[in-house]
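[1] Any chance you could fold what I've pasted below:
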Amino acid sequence: MRRTILIIATAAGVAAAAGCAGSPQRLDGQASPAGAATPAPPSATTAAPAASPSATPSSASPKPSKTSRTPTTAVLGPTGFGKLSIGMSIKAAAATGEVDATGTGCGSAPLKSANDADVTVVYSDRGLLYIPAYGRVATPEGIRIGSTYAQVDRAYSDFILRAIDAEGGFNGSGTAFAGEKDGHEGVHYRFAFKDSKVVELALEHDDQNCYE
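    Presented below is the predicted three-dimensional model:
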């Protein structure tokens, strides 16, 4: 009898152990939803849109570079240069700060903006008589030092050549004038040519009295 009870008890213990062994398998099945909380891949997807804003500013960057290329050319004429004008008094010319003109009678003074002591204005008791061009300074018509005789001739309808050769033609060098009939009284352009190119360009008083 005791042996029978022992066998039954042993069988019951085995059954209980088998029941306990099965329960962890159910827990493993239920634990799988908890494992679904590993959403590592979606986090990498959300990082991709962050790169799109950086592309937008770069497209706007070329616009400022265009404005920086805008060329600025100083213009000589039709009646003056900068704050200076043909015919203005010596005192008024000095007050602009662009020349140091003093005294009476014929005189000259460096044009400060040229940064060259050889580039000078000429003045007299009639006021400012002569304002020269330098560097890339050009007239409103685009004529500058280095322009050809043909370009100057086309630019001014009243172009007059003073120096001619013995046969009455142009030999590539000489003095010429233009702008005396452009509606601006008392002032015109003066040109000097060498090898058919402008080597001197200036605004000049119609009644200058200090040089040839």
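[2] what's the domain layout of the protein?
    Annotated domains of the chain cover 1-30, 80-205 [automatic domain parsing].
[3] where among those domains is the average confidence lowest?
    Note on these: domain 1-30 shows the lowest mean pLDDT, a mean of 42.
[4] can you map out the helices along this protein?
    Using DSSP state H, the helices of the chain run over 2-35, 40-46, 52-60, 62-67, 90-95, 149-155.
[5] Please name the spatially closest residue to Ala133 (chain neighbours excluded).
    Nearest residue to Ala133, sequence neighbours excluded (C-beta to C-beta, 6 or more residues apart in numbering): Leu201, at 4.1 Å. To be clear about C-beta, it is placed using only N, CA and C from the backbone, and glycine gets the same treatment.
[6] let me fix that: Gly103
    Ile90 (7.3 Å).
[7] Lys112 too?
    Closest residue in space to Lys112, ignoring its immediate chain neighbours: Glu98 at 5.5 Å, by C-beta to C-beta, 6+ apart.
[8] same question, Asn209
    Leaving aside its sequence neighbours, Asn209 sits nearest to Ser124 (C-beta to C-beta, 6+ apart; 5.7 Å).
[9] which residues sit in contact with the one you found?
    Going by C-beta atoms under 8 Å, 6 or more residues apart in numbering, Ser124 touches Gly105, Cys106, Gly107, Gln208, Asn209, Cys210.
[10] Could you double-check that the residue nearest to Lys112 lies in contact with Leu84?
    Yes. Counting by C-beta atoms under 8 Å, Glu98 touches Leu84, with 5.6 Å between them.
[11] returning to that earlier point: you'd agree the residue nearest to Ala133 is up against Arg190?
    Yes. Using C-beta under 8 Å, Leu201 is in contact with Arg190, at 7.4 Å.
[12] More neighbours: the two, which one.
    Leu201 (23 against 19; other C-beta atoms under 10 Å).
[13] so how far is Thr120 from that one?
    14 Å (C-beta to C-beta, to the nearest Å).
[14] surely Ser173 meets Lys194?
    Yes. Counting by C-beta under 8 Å, Lys194 is a contact partner of Ser173 at 5.0 Å.
[15] Compare neighbour counts for these two and give me the winner.
    Ser173 (15 against 11).
[16] where's the more buried one relative to Val199, distance?
    From Ser173 to Val199 the distance is 9 Å (C-beta to C-beta).
[17] Now list whatever residues contact both of those two.
    Common contacts of Ser173 and Val199, defined by C-beta under 8 Å, 6+ apart, comprise Phe193.
[18] what's the residue nearest to Gly103 in contact with, if anything?
    Ile90 makes contacts with Ala101, Thr102, Gly103, Thr104, Gly107, Tyr123, Gly127, Leu128, as judged by C-beta under 8 Å, 6+ apart.
[19] burial count for the fifth one?
    Read it as Gly107. Neighbour tally, Gly107, other C-beta under 10 Å: 16.
[20] Hmm, Tyr123 and it touching each other?
    Yes. Contact criterion C-beta under 8 Å: Gly107 and Tyr123 qualify, at 5.7 Å.
[21] In space, what's closest to Cys155 - neighbours in sequence excluded?
    Not quite, residue 155 is Ala, not Cys. Distances taken as C-beta to C-beta, 6+ apart put Glu141 closest to Ala155, at 4.2 Å, once the chain neighbours are dropped.
[22] Nice, that's everything, thank you.
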